[in-house]
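J.: how would this look folded up:
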Amino acid sequence: MKRVILSALLIAAAAMALGAQTKTMTHDELVAAAKAEGKVVVYSITSRIANAATEFEKTYGIKVTASNLKDGELIEKVTKEVGGGIQGADFVICQDSGRVFGQLIGPGYLVNYVPETMKNVIPAAYQNPLTFQLINKVFIFNDEKTQDPVIKNVWELTEAKWKGKVQFKDPKMEGVNANFLTMLTSPEWSAKLDKAYSDLYGKKLKLTTKNAGYEWIKGFFQNGLVLGNSDTTISENIGIKGQPATTMGLFVFSKKRFDATKNLTLKPMTEVAPFTGFIYPAFLQLTKNAKNVNAAKLFIEFLLTKEGFAPWAKDVGAYSTNPSIGVNADDFPVSFWAPRLVPENPKYIFENRSDVEEFINNLQ
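T.: Numbers count the residues shown, from 1 in each chain. Model prediction:
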C-alpha cells in the first residue's frame, strides 16, 4: 500500500511540475515570476553561454549559474540527475540530436517549451524540439597555393592524391561527427553518394559494404585520414602557411574567423557533390524537474532574441532559428547552406549510429 501511495505521489508531483512548465503566461507575468525565483541553472555545450548569462543578469537581475559541458557529459549528467530525482539544471543547450532524442527526450527527462513571444517567429520546423541554433562543418582547404576549389566531388577524397592530407575530428570524441557519418548510410544520402560516384567516374560503384554511404566512409578513413581531437587544432594544422602540399579538413566553419588573428590561410568550399559538409542543431530544452522553471523560460526567450544571440552572431558559422537575426557579413544564410549540407535525422541516427561506429572501429 505504501508503495502504491508513494507512486501516486510521484506521479502527481511529476504532473504538477509538467503543469508548471507548460502554464501559459503573458511576458510581463513571466518576468515577474522569473524574478521571484531569482536564479536559473543552465548546462550548455557552448562556452558562449557565459557571455549571454552576463547580459541576461544585467537585463533582468536574475542570477545565472552556467556550466559548459561536452555533449556526452551533458547527456550523462542530465540522465543521472533527472532520472535519479536530483536537482540540477533548469534547462539545457544540447546537441548530438540522436542521443538527445533517444536518451533524454524519449524518456521524458527534457520538456519542450516554445516562448509565447516566439511561436509566430520561429519556423515550425524548429519548434519541436526547440532549436536554438544551427552549426555547420564544411570542407576547408589551405588556399595559399591556389584560390580554386581543390575538389568537386567527395569521392576524390578516397583517391591517392589526397592520401594523408585530410583531417577530421575523431567521431569517437564528438557525437555530431559520428551523426554525420551515420546519415551518409541512410537511403537518401547513400543514393546521392552512389550517383556522385557514377557522375565522377562514369561507371557504377561496386559495393564491398552495405551501401554507397558505408563505401565512402571506408574509402575516406582508409585513405590516410588524419583524426584530430579538436576542430581548433585542425584549423591551425590546415591553415598554417608554408606547407609543401595543399591540405584540407572537414571542421566547423566558424574557425574561419582565425585567419587574421592566427595568420592562417583558409578557404571553404561550397560546391562539392553531393555535399560540402554537414549541419546540426543545438536545442533549448527545460528539464523535467526544473526548480526555477519561469527563470528558465525567460532565459530561453532571451536566447532567441537578437540581444541574447549576440555572443554567437558576431562570427560566421552560427545561425539563429529566429529569421529576424541576420548572419555575419562574411557568411551565407541557412537557405544557402541547407541544400549543400547533410542534415541530422535524430531518429535515424539513434537507431543506426552504433552500427556505423562498429563499422568504423573495424576499419582501424
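J.: Quick one: distance of whichever helix or strand Ser335 is part of to the chain centre.
T.: Under DSSP states H and E, the secondary-structure element containing Ser335 is helix 334-337. Centroid separation for helix 334-337 versus its chain: 16 Å, with CA atoms, centre = their mean, to the nearest Å.
J.: Give the next helix or strand downstream of it.
T.: Assigned by DSSP H and E, the successor of helix 334-337 is helix 346-363.
J.: Run through the neighbouring helices and strands of that next one.
T.: Helix 346-363 is packed against helix 97-99, helix 175-184, helix 212-221, with contacts defined by 3 or more CB pairs under 8 Å, 6 or more residues apart in numbering; DSSP states H and E. No exception for glycine: its C-beta is placed from N, CA and C like everyone else's.
J.: residues in contact with that helix?
T.: Helix 346-363 is contacted from outside by 97-102, 171-172, 178-179, 181-183, 185-186, 209, 214, 217-218, 221-222, using CB atoms under 8 Å, 6 or more residues apart in numbering.
J.: Is Glu81 in contact with Gly88, as I believe?
T.: Yes: applying CB atoms under 8 Å, one finds Glu81 in contact with Gly88, separated by 3.7 Å.
J.: Quickly list what's touching both of these two.
T.: Joint contacts of Glu81 and Gly88 (CB under 8 Å, 6+ apart) are Thr287, Asn289.
J.: one step back: mark which of the contacts of helix 346-363 are buried, thanks.
T.: Among the contacts of helix 346-363, those classed as buried by neighbour count (16 or more other CB atoms under 10 Å) are 97-102, 171, 178-179, 181-183, 185-186, 214, 217-218, 221.
J.: and the closest residue to Lys119 other than its chain neighbours, how many residues sit next to it?
T.: Once flanking residues are discounted, Lys119 sits nearest to Gln127: 7.5 Å by CB to CB, 6 or more residues apart in numbering. Gln127: 16 surrounding residues under other CB atoms under 10 Å.
J.: Next, Gln127: phi, psi?
T.: phi -90, psi -20 (degrees, to the nearest 10).
J.: just the strands in the stretch 251-364 of the chain please.
T.: Remark: strands assigned in the stretch 251-364 of the chain by DSSP state E, counting those that start in this stretch are 266-268, 277-287, 318-320.
J.: what's in contact with the last one?
T.: Just to be clear, that refers to strand 318-320. Counting by CB under 8 Å, 6+ apart, 132-136, 254, 304, 309, 312-313, 327, 333-334, 337 sit against strand 318-320.
J.: For those, pick the one with the most neighbours.
T.: Busiest of the contacts of strand 318-320 [other CB under 10 Å] is Phe132, holding 27 neighbours.
J.: Now that residue: which helix or strand?
T.: Using DSSP H and E, Phe132 sits within strand 131-142.
J.: Dump that strand to CSV, keeping only the CA atoms.
T.: What follows is strand 131-142, C-alpha atoms only, in CSV (Å, rounded to 0.1, in the frame of the first residue of the first chain):
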residue,chain,number,x,y,z
THR,A,131,16.2,24.6,-31.9
PHE,A,132,18.4,27.4,-30.6
GLN,A,133,20.9,27.5,-33.4
LEU,A,134,22.3,25.6,-36.4
ILE,A,135,26.1,25.0,-36.8
ASN,A,136,27.9,23.8,-39.9
LYS,A,137,31.1,22.0,-40.7
VAL,A,138,32.4,22.3,-44.2
PHE,A,139,35.4,21.2,-46.3
ILE,A,140,38.0,23.9,-45.9
PHE,A,141,41.4,24.0,-47.6
ASN,A,142,44.7,25.9,-47.4
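J.: in its sheet, what does that strand sit against?
T.: strand 248-252 (antiparallel), strand 266-268 (antiparallel), strand 277-287 (antiparallel), strand 318-320 (antiparallel) (DSSP bridges).
J.: distance of the residue nearest to Gly317 when sequence neighbours are not counted from Pro281?
T.: Nearest in space to Gly317, with sequence neighbours left out and distances taken as CB to CB, 6+ apart, is Ser254 at 3.2 Å. Distance of Ser254 to Pro281, computed by CB to CB, to the nearest Å: 15 Å.
J.: try Thr59
T.: 26 Å.
J.: can you check Lys267 too?
T.: For Lys267, the distance to Pro281 - CB to CB - is 26 Å.
J.: So for those two, which residue has more residues nearby?
T.: Each of Lys267 and Pro281 has its neighbours counted (other CB under 10 Å); Pro281 has more, 23 against 19.
J.: What pLDDT is listed against that one?
T.: Residue-level confidence at Pro281 comes out at 98, pLDDT.
J.: what's around Pro244, how many residues?
T.: 6.
J.: does it count as helix, strand or coil?
T.: Following DSSP: H, G, I helix; E, B strand; the rest coil, we place Pro244 in the coil state.
J.: per-residue pLDDT, it?
T.: We have a pLDDT of 94 for Pro244.
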